[in-house]
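>>> what's the 3D shape of this:
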Amino acid sequence: MTSRKNRLLLSILALLIAACGTGAESPTDGSTSDTTAATQPVDSPGEGGSLVLLQWQAPSQLNPYLSTGTKDSQAGSLVVEPLAEYDTEGQIVPALATEIPTVSNGGISEDLTLITWNLQPDVTWSDGTPLTAEDVVFSWEYCTDELTGCVSGAFQDVVSVEAVDDLTVTLTFDGPKPWPYVPFVGATEPVIQEAQFGDCVGETAVSCTEENFAPIGTGPYMVTEMLPEDTVSYALNPNYRHVADGLPFFETVELKGGGDAESTARSVLEIGEADYAWNLQVAPEILGPMEQGGQGNVEVGFNTTVEYISLNQTNPDHPDNPSDYLDGTNPNPFFLENPELARALSLAINRDEIVDVGYGAAGEPTCNIWPVQGPALSTNNDWCLSQDIEEANRILEEDLAYADTDGDGVRELPDGTPLEFDFVTSTNAVRQSTQDLIAVYWEQIGVRANMQNEDASLFFDGTAASDASIWKFYTDILMFANNAVGRDAQGYLVQWASSEIPESANQWGGQNITRLASDEFDALFRELASTDIEDPARNDLIIQLNDIIVGSSGSTIPLVNRGSVSAFSSSLTGYEAVNGWDSEYWNIEEWRRTN
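Presented below is the predicted three-dimensional model:
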C-alpha cells in the first residue's frame with residue numbers, strides 16, 4: 001500500500017513518465033493494462049464504482065466537534081481532515097501538514113510551549129477554495145467559544161492559535177506541553193472551513209443543520225445527502241489533492257446505518273451485499289461460522305478500547321435537574337465517594353466468563369481504563385480479575401452495613417433505600433448477554449439491576465437531543481466502550497477531568513460522562529500535562545490517574561479490553577489493518593476492490 005508521505009513522489013514520478021512518452025493512458029473501462037510495472041499508469045480516480053459501508057450505529061451528524069460519538073467522527077472523517085492522524089500502529093503521520101513537528105526539526109520550541117504546523121501547499125476545500133492557516137485558527141475559535149457546545153477537550157491548554165502566514169500556524173500552550181499532538185490530531189479534531197461555519201459559532205452551532213450534516217472538507221469525499229440515524233451518501237471530491245495519484249479508487253460511498261452488529265456482519269460475511277461492517281460486537285460462536293461463508297474476513301485490532309460500567313456521580317432522580325452537576329450540589333446517593341460499593345460490585349463480576357460468552361479472541365479481561373501494555377500499565381487493580389462473591393458480600397455487610405432487612409433478596413442503605421439500579425446500555429446481543437451475566441452476579445450479593453437497552457443511535461446521540469443519550473445519563477448505571485485516539489494517555493484521560501462534566505449549562509457537551517469531580521485527579525492531570533514524555537514520572541502519573549478512575553473514586557468498573565472488530569469483503573484491499581487508534585476510514589482513499 002502506498003503511504004501518504006510517498007504519494008507526492010509517486011505523483012511526480014507519474015508526471016515524469018508521462019512527459020517522457022513511456023506511459024500509457026489508464027483504461028477507463030476497468031480492463032488491465034499490459035504495460036510493464038515500470039510504466040504502469042496511475043489508476044483513474046473513481047474507477048472502482050460504489051463502496052458500501054455498514055455502521056449499525058448510524059451517525060447523527062458529521063461535525064466531530066459537536067459529538068464524542070465514534071460513529072459520528074468516523075462518518076465525518078471521509079470529508080474533514082486533521083493536520084495529522086494515527087496509523088494502524090498508533091504512530092502519528094501527516095495529513096494536512098507537511099510533517100510532524102518536533103523539537104529537532106524546529107517545529108516545537110525548546111521550552112515546549114509552542115508547536116508550529118506547516119500546511120501542505122495547494123490543498124483546496126471541496127468547493128475549490130484554498131485551505132489556509134486562517135481555517136485552522138477559526139476551528140480553534142469555533143470550538144473554544146463556550147456557547148458552541150464543542151465536546152473536544154483538545155484546546156483546554158491552548159492560549160492562542162495564530163496564522164504566521166497562509167501555510168503556517170502556531171499553537172501556544174499555557175505552559176510546557178510534553179505531548180502537544182492533541183489539537184488538530186486525529187479524526188475527532190479536524191480543521192473545518194471558516195467560510196462555511198463562520199455563522200455557526202456560539203449558540204447557533206447546533207442549529208446549523210446543513211453545515212453539521214454536510215461539512216465542506218478537504219478529504220477524498222464530499223457529502224451528497226445525509227439522513228441522520230440512517231444513511232450518508234458521498235461522492236468523490238474532484239478537488240482532492242491526490243486525484244492526480246488516481247485516488248480515491250471508489251467514485252461513491254454509501255454509509256448505511258441501522259440494524260444491529262450481527263445483521264451487518266452477515267451482510268458482509270455471508271451475503272456479500274456490503275464491503276465493510278464496523279464494530280462487530282457479536283458473540284464468537286455466531287461470528288466464526290459467518291466468516292466461513294467465504295464472502296469476507298474478520299479483522300481484530302487491539303488498542304485502548306475498554307467496555308466499562310459508569311456509576312453516575314450525580315443524582316438522576318433530581319426532580320428538576322436530573323444528572324446535572326449543579327456545582328456539586330446534586331450528588332448520587334449511592335455512588336458518590338463510595339469506592340467500597342464499586343469494589344464490591346466489581347468483585348462480584350466474572351470477567352473471564354464475560355469474555356468467553358461475548359468476545360472470544362476479540363476480548364481480554366481488564367481492571368484498568370488504560371489497558372496499554374508497558375510501563376504505564378497499572379497492576380494495582382488486578383484483584384478484580386478473580387471473582388470473589390464472598391468478599392463482595394463481606395464488604396457490603398460489614399464495611400458498609402448494607403443489609404437485607406425485609407428478606408426480599410435486596411440489600412438496603414441504612415435509611416432503607418434498596419440497592420436497586422437501572423442499568424442501561426445500547427441494544428446489542430453481546431451487551432445484553434453481558435447484562436444478563438452481571439444481573440446474576442449481583443443478585444448473589446443482594447443487588448438488583450434492572451437491565452434496559454436503548455437503540456444505539458439514541459444511546460450514542462452526540463447532540464444529546466434524546467434523553468437516552470449517554471451525555472445526559474438519566475440513570476444510575478451505563479455500560480459502553482470508549483478508546484483513545486493515539487498511544488498517549490493524556491488526551492484520553494482528560495475525559496475524567498472536572499472541566500469536562502456534561503451539564504445543561506454547556507448543552508451536555510463535555511466528555512466526563514461519569515461526572516467524576518476529583519480535585520486529586522485534576523491536580524495529577526495538570527502535572528501529567530507538564531511532564532516531559534521522556535520522564536519516567538509520566539508513567540507513574542498515568543497509573544495514579546487510572547487508579548483514581550477505577551479505584552478510589554468508585555466511579556468506573558472496567559470489564560473487557562475489546563479489540564476493534566470489523567468485517568471486510570474478501571475482494572477489498574488497501575485497508576492495511578483495523579485502525580483502533582483513529583478512524584477506521586483513515587486511509588479510505590487507498591481502499592480498492594480486486595475483482
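>>> mind listing the strands for the stretch 451-595 of the chain?
Under the criterion DSSP state E, counting those that start in this stretch, the stretch 451-595 of the chain contains strands at 477-482, 556-562, 564-569, 572-573, 592-593.
>>> and the second one, which strands flank it?
So that's strand 556-562. Neighbouring strands of strand 556-562 in its sheet, by DSSP bridges, are strand 306-311 (antiparallel), strand 363-365 (antiparallel).
>>> pull the CA atoms of the longest one into CSV?
Output in CSV follows, covering the C-alpha atoms of strand 306-311 (Å, rounded to 0.1, in the frame of the first residue of the first chain):
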residue,chain,number,x,y,z
VAL,A,306,-12.4,-0.8,27.2
GLU,A,307,-16.0,-1.9,27.8
TYR,A,308,-16.8,-0.4,31.2
ILE,A,309,-19.6,0.4,33.7
SER,A,310,-20.1,4.1,34.6
LEU,A,311,-21.6,4.7,38.0
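>>> now it, how far from the chain's geometric center?
Centroid separation for strand 306-311 versus its chain: 15 Å, with C-alpha atoms, centre = their mean, to the nearest Å.
>>> so for that strand, mean pLDDT?
Across strand 306-311, pLDDT averages out at 97.
>>> got the strands paired with strand 556-562 as a markdown table, with distance to Arg241 and mean neighbour count columns?
C-beta coordinates here come from the backbone N, C-alpha and C atoms, glycine included. Listed next are those as a markdown table, based on distance: least, C-beta to C-beta, whole Å; neighbours: other C-beta atoms under 10 Å:
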| stretch | distance to Arg241 | mean neighbour count |
| --- | --- | --- |
| strand 306-311 | 36 | 24 |
| strand 363-365 | 39 | 21 |
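>>> for the ones you listed, which one sits closest to Phe421?
strand 306-311 (8.8 Å; C-beta to C-beta).
>>> angle of that closest one against strand 477-482?
150 degrees (axes from the mean of the first three to the mean of the last three C-alpha atoms, to 10 degrees).
>>> residue contacts, the nearest residue to Ala489 once chain neighbours are set aside?
Leaving aside its sequence neighbours, Ala489 sits nearest to Ile542 (C-beta to C-beta, 6 or more residues apart in numbering; 4.6 Å). Counting by C-beta atoms under 8 Å, 6 or more residues apart in numbering, Ile542 touches 370, 376, 489, 493, 528.
>>> cutoff 10 Å now
370, 372, 374-378, 488-490, 492-493, 524-525, 528, 531 (C-beta atoms under 10 Å, 6 or more residues apart in numbering).
>>> and of those residues, the nearest to Lys71?
Closest approach between these and Lys71, by C-beta to C-beta: Tyr492, at 18.2 Å.
>>> tell me the pLDDT of that closest one.
pLDDT, Tyr492: 89.
>>> surely it is in contact with Asn368?
No - the criterion here is C-beta atoms under 10 Å, and Tyr492 misses it with Asn368 at 11.9 Å.
>>> ramachandran angles for the residue positioned nearest the centre of the chain?
Nearest to the geometric centre of the chain sits Thr70, at 4.2 Å (C-alpha atoms, centre = their mean). When read as degrees, to the nearest 10, the backbone of Thr70 gives phi -60, psi -30.
>>> pLDDT weak spots in the stretch 1-150 of the chain?
1-42 (pLDDT under 70).
>>> how about the helices of it, start to end?
In the stretch 1-150 of the chain, the helices defined using DSSP state H, counting those that start in this stretch lie at 4-19, 70-76, 133-144.
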